[in-house]
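> quick one: sequence plus predicted model below, questions after.
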Amino acid sequence: MPGAVPTPPAETRVAPAEVPGLSGLMTVVVGVVIVAALYIGRDVFIPIVLAILLSFVLAPLVSLLRRIHVPRAPAVVLAVLFALTLMVAAGGIIGLQVAQLAEDVPRYQATITSKVDHLRDVTLGRVNDLIRRVGRQIEQATNEQPPASPATPSATGEAAPPPLPVEVKERAATPVEIAQRVLGPVVHPLATAGIVLIVAIFILLQREDLRDRLIRLFGSQDLHRTTVAMDDAARRLSRYFLTQLALNTAFGVVIGLGLWAIGVPSPILWGVFSGLMRFVPYIGALVSAVFPIALAAAVDPSGWSMALWTLALFAVTEPLMGHVVEPMVYGHSTGLSPFAVIISAIFWTWLWGPIGLLLSTPFTVVLVVLGRHVERLEFLDVLFGDRPALTPVESFYQRMLAGDSDEALEHAELLLKERSLSAYYDEVALKGLQLAANDATRGVLTRPQLETIRGAIRDLVEDLEDQEDVSPPSEEADAAPVAPPRREREIPAEPPLEQDERTAEERFPPQWRQDGAILCIAGRGTLDEGAAAMLAQLLRKHGLGARVVPHEAVSRDNIRRLDTTGVTMVCISYLEISGSPAHLRYLLRRLRQKLPRAPLLVGLWPREDAILTDAALRSQVGADHYVVSLREALRICMEAADAAASAEPIQAPAPAVEMA
């Protein structure tokens, strides 16, 4: 029809984007409502969150008291009283230190002013003189201007009267107003502290009941797994908070002792302040160093040595604590990504102010732990956790789809530190190709995208040509990257190939080692040639000759011209067999006629293919071997070569599935 838009071919059509469903919109709405509720009700939620975190810290102490046969209620009260005593003592010490420091503030101000003046005279003397000269010139020019005209006389000829001075006096404050001014700033923190302690007591008393209610909400369908997960989460969080509290306390003690040795006034105040500020991620220790350094500069009238020693104290202690002590105590990671820590700090500071900044890291740790144990909340682990967001298979497919050969090679080299080349091909590359094949079947991959994936696979196989197919040493495996997300369900590890001390020349006969001895034929799919190339490369690495043949070379018209000189075995690779396997049966029949003595092996890399579970169907297809992994195909080829070397006849096995 004239003017009609031509319909693109099937391989270039992409499924239209789906309209967000009602559930997705409801999720966004619920998220917005929760954030708004947290902001509006921060006066209510902040004490509750502080109480929950305090209960995690006090839970081990309560458990210890219970183990020595103290009843639950007295144990909880004793633990809370112990925490209250520590907080009151810390507050009293901070108040005394601040009061002592306030008495000497004028003297410190005069000292720092004189230092700044001296520094200005020494380093900026010439600039100061120039500014003074310019100032005098401006002042002289101003004085030379004509004097202002006298006041305009009034209509009667008399000068206007000068304005009357006005003096404002405040009335004397009443005792109630004085009490409000004095007690107002103190009442709110005391009320918050009281609410925190009361809620923490009830949480510790009702811990099992609260746990059961959470199980009922999030995991009643699998009580055993949910109970174990929540107990493990509570134990890990308690250990994390106690460890963080101990490390920050140790940091504050070291800073306080160091400042006392240097001679900085109020070292206890700055030690407590540094320990508290270290709960703020990344910038807390830096901020806590500013005030002691400034005070050291104000105290020392003779020079800057005290300030430099204070700077060196923080510059040595913080990296030592952050990069040596914490990794030894926490492990390699606290479970949070650096980006998530920064984003959570900004978010909680905006939401709840300075208290939100202090709570950002522990509160995000709580969310990540819940995300790792509760399936409904897994998105929290994906957003804030430090584990890879994509599985190795998904990362492989993404790099293939983007055609980024360099990143694909880097990703492969990282994974090859903990697995052999054949294991990498089986567990990552083939599964990634299966994702691509599934997308191609659904019509979401265009022809250019398929060609990009084919080219990236070809480049990757060529780049890994020098990689040996050997298992890495155990110490390299121990240094593996962080654990993958839970949804990967752990890539199943197949048993490694048996190592033979003989060389390929000693083990295999010459006809099996010559180029093209094993014919690796690609299936009908666009990406099957990549799987055949991987198998051929593995065969060559183990001393067997192999070459790759495209599927077009074994068609009815072209198989007569196929060069089969020296072929001892045939391996066919299929990423998928859609519909009836008749084409595979006819292909095997043509190969039987062309190579009547060569064993035929079919690699069906999708393990759920119907041929693998239907004995009658396998019998109709007529292959000698069926495998589901490259390592199994490699093992069968090596066994066939061994049988030929020992002059033993190769017995075709029964048509059963041979899996790794």
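Looks like it arrived, so ask away.

> show me what the strand or helix carrying A315 is packed against.
Element membership for A315, per DSSP states H and E: helix 305-320. Packing partners of helix 305-320 (3 or more CB pairs under 8 Å, 6 or more residues apart in numbering; DSSP states H and E): helix 223-262, helix 284-299. In short, each C-beta sits where N, CA and C put it, glycine included.

> by contact count, what packs against the first one?
By that I understand helix 223-262. Contact analysis of helix 223-262 by 3+ CB pairs under 8 Å, 6+ apart lists helix 42-67, helix 207-218, helix 267-277, helix 284-299, helix 305-320, helix 326-330, helix 338-373 as its packing neighbours.

> show me what the mean pLDDT comes to for that helix.
Helix 223-262 shows a mean pLDDT of 80.

> one step back: V98 is nearest to which of the helices and strands packed on helix 305-320?
Closest approach to V98 among the helices and strands packed on helix 305-320 (CB to CB): helix 284-299, 11.6 Å.

> what angle separates that closest one from helix 305-320?
170 degrees (axes from the mean of the first three to the mean of the last three CA atoms, to 10 degrees).

> where do the helices sit along the stretch 1-150 of the chain?
Under the criterion DSSP state H, counting those that start in this stretch, the stretch 1-150 of the chain contains helices at 22-40, 42-67, 72-103, 105-123, 125-143.

> got it, and the stretch 451-600 of the chain?
Listed in chain order, the helices of the stretch 451-600 of the chain (DSSP H, counting those that start in this stretch) span 474-478, 504-507, 510-513, 528-541, 582-594.

> highest mean neighbour count out of those helices?
Highest mean neighbour count among those (mean count of other CB atoms under 10 Å): helix 528-541, with a mean of 24.

> state the mean pLDDT of it.
Per-residue pLDDT over helix 528-541 has a mean of 90.

> contacts for that helix?
Applying CB atoms under 8 Å, 6 or more residues apart in numbering, the contact partners of helix 528-541 are 421-422, 425, 429-430, 433, 453-454, 457-458, 461, 464-465, 468-469, 518, 520-523, 545-551, 571, 573-575, 603, 605, 630, 633-634, 637.

> pretty sure D300 sits against L308.
No: between D300 and L308 there is no contact under CB atoms under 8 Å: 9.7 Å.

> which residue of these two possesses the greater neighbour count?
For D300 versus L308, neighbours defined as other CB atoms under 10 Å are more numerous around D300 (20 against 15).

> contact partners for the closest residue to the more buried one other than its chain neighbours?
Leaving aside its sequence neighbours, D300 sits nearest to M306 (CB to CB, 6 or more residues apart in numbering; 3.9 Å). By CB under 8 Å, 6+ apart, the contact set of M306 is I262, G263, V264, A296, A297, V299, D300.

> if you set the cut-off to 10 Å instead, what comes out?
Listed by CB atoms under 10 Å, 6 or more residues apart in numbering, the contact partners of M306 are L259, I262, G263, V264, P292, I293, L295, A296, A297, A298, V299, D300.

> how about V35?
F347, L351.

> pLDDT score for it?
Note for V35: predicted pLDDT of 85.

> nearest spatial neighbour of the most centrally placed residue in the chain, skipping sequence neighbours?
Centroid-nearest residue in the chain, with CA atoms, centre = their mean: D386, separated by 2.1 Å. Counting by CB to CB, 6+ apart, D386 lies nearest to S337, which is 4.5 Å off, once chain neighbours are set aside.

> using CSV, write down the CA coordinates of stretch 631-650.
Below are the C-alpha coordinates for stretch 631-650, written out as CSV (Å, rounded to 0.1, in the frame of the first residue of the first chain):
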residue,chain,number,x,y,z
ARG,A,631,34.5,-30.6,30.6
GLU,A,632,32.5,-33.7,30.1
ALA,A,633,32.9,-33.4,26.3
LEU,A,634,36.6,-32.9,26.8
ARG,A,635,36.8,-36.0,29.1
ILE,A,636,35.0,-38.2,26.6
CYS,A,637,37.3,-37.1,23.8
MET,A,638,40.4,-37.8,25.9
GLU,A,639,39.1,-41.2,26.8
ALA,A,640,38.4,-42.0,23.1
ALA,A,641,42.0,-40.9,22.3
ASP,A,642,43.3,-43.1,25.2
ALA,A,643,41.4,-46.1,23.9
ALA,A,644,42.8,-45.5,20.4
ALA,A,645,46.3,-45.3,21.9
SER,A,646,45.9,-48.6,23.7
ALA,A,647,44.5,-50.2,20.6
GLU,A,648,41.3,-51.0,22.4
PRO,A,649,38.1,-50.8,20.4
ILE,A,650,35.9,-47.9,21.2
